[in-house]
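Undergrad: Sequence and predicted structure, then a few things I'm wondering about:
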Amino acid sequence: MVAAHPKSKAEDVSALLASLGIGPLALRLPPDWELTNEKLLELCSLNETVPFEVDETGALILNMPSGHTSEWIAMTFVLAIGNWMDEDAGDMVYGSGGLFELPDGNRRVPDAAWVSAERMAGADLFDGDPLPVAPDFVVEVRSLSDQLERAQAKMDLWLRNGVRLGWLVDSFDQQVWIHRPHAEPVMLERPDELSGEEVLPGLTVDLRRIWRPG
């Protein structure tokens with residue numbers, strides 16, 4: 001069972017931001033305006049500071065910038081995965097600029113992701129479109145504009161589309177939620193490190209630097 005998530009200052013701030021309309025915003029588009037990959041990339045290029053995503057209904061999602069702390073934490077995972085990878089194996093690591101087109105039609109951006117060589121096979125890295133595969137592994141870093149329930153829902157979305165392992169990192173409450181297919185998420189309190197398990201065998205990420213002093 002999932003451990004109860006205590007109400008916290010971070011949760012209070014997230015709820016306040018949500019009540020003020022600060023957070024991800026889904027825009028319904030006119031039915032005659034199809035949000036193609038080309039139009040999505042054009043929007044991204046015209047609004048470089050706004051992280052865009054698209055849900056399975058075609059609605060445009062405007063996300064708040066993650067903030068410097070969340071971005072630094074995400075890069076901790078990107079660098080750890082990059083150091084773990086075999087550069088000749090054909091797998092890839094992505095940060096928050098990686099846009100994935102998922103089987104159910106969602107076009108989503110994780111904070112960090114790893115895609116195995118098997119899934120990368122046949123994918124065109126240079127065509128400018130979202131990568132048309134689901135990552136094997138994703139990391140989402142909760143920012144203050146993210147309510148925990150919404151972050152958990154996004155992790156569930158990744159798993160439904162074929163992600164094999166996901167880590168939801170909540171630096172405010174100093175917790176990590178481990179998400180695996182067909183299993184309840186498991187919450188860890190302030191872990192010193194995380195293991196890539198059988199999905200990323202041999203990967204260990206040291207988390208001691210990302211937590212506030214106890």
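TA: Noted; the coordinates are in hand.
Undergrad: from here on, contacts and neighbour counts on C-alpha atoms
TA: OK.
Undergrad: can you pull out the helices in the chain?
TA: 9-19, 37-46, 68-84, 117-120, 148-160 (DSSP state H).
Undergrad: Just the pLDDT at the closest residue to Ala113 other than its chain neighbours, thanks.
TA: Nearest in space to Ala113, with sequence neighbours left out and distances taken as CA to CA, 6 or more residues apart in numbering, is Val138 at 4.3 Å. Here, the pLDDT recorded for Val138 equals 98.
Undergrad: contacting residues for Val138?
TA: Pro110, Asp111, Ala112, Ala113, Trp114, Trp158, Val163, Leu165, Gly166, Trp167 (CA atoms under 8 Å, 6 or more residues apart in numbering).
Undergrad: Quick check: beta-bridge partners of it?
TA: Beta-bridge partners for Val138, by DSSP bridges, are Ala113, Gly166.
Undergrad: got the contact list for Val199?
TA: Val199 touches Asp136, Phe137, Arg164, Leu165, counting by CA under 8 Å, 6+ apart.
Undergrad: And for Pro181?
TA: Per CA under 8 Å, 6+ apart, neighbours of Pro181: Leu159, Arg160, Val163, Arg164, Leu165.
Undergrad: out of these, what pair is the most spread apart?
TA: Of all pairs drawn from these, the one with the longest distance (CA to CA) is Arg160 and Leu165, at 11.3 Å.
Undergrad: More neighbours: those two, which one.
TA: Leu165 (22 against 16; other CA atoms under 10 Å).
Undergrad: Tell me if I'm right that the more buried one and Glu140 touch.
TA: No: Leu165 lies out of contact with Glu140 (CA atoms under 8 Å); the separation is 11.4 Å.
Undergrad: Please name the nearest non-neighbouring residue to Ser195.
TA: Thr204 is the one closest to Ser195 (CA to CA, 6+ apart), at 4.7 Å.
Undergrad: could you measure the one you found against Gln174, distance?
TA: Thr204 sits 18 Å away from Gln174, going by CA to CA, to the nearest Å.
Undergrad: Likewise for Val139?
TA: Counting by CA to CA - Val139 and Gln174 are separated by 15 Å.
Undergrad: Which one's more surrounded, the two?
TA: Val139 (23 against 15).
Undergrad: sorry, back to before: how about the contacts of Val138 in TSV, adding pLDDT and distance to Ile210?
TA: TSV is the format used below for the contacts of Val138 (pLDDT from 0 to 100; distance: CA to CA, whole Å):
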residue	pLDDT	distance to Ile210
Pro110	93	19
Asp111	92	15
Ala112	96	15
Ala113	97	18
Trp114	97	20
Trp158	97	24
Val163	98	24
Leu165	98	21
Gly166	98	18
Trp167	98	14
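Undergrad: and the residue nearest the centre of the chain, what does it touch?
TA: In the chain, the residue lying closest to the centroid (CA atoms, centre = their mean) is Pro110, at 2.6 Å. For Pro110, the contact set (CA under 8 Å, 6+ apart) comprises Gly95, Ser96, Gly98, Leu99, Val138, Val139, Glu140.
Undergrad: that older thread, can you tell me which of the contacts of Pro181 is nearest Pro132?
TA: Val163 (13.3 Å).
Undergrad: Nearest spatial neighbour of that closest one, chain-adjacent residues omitted?
TA: Val163's closest residue in space is Asp136 (CA to CA, 6+ apart), at 4.7 Å.
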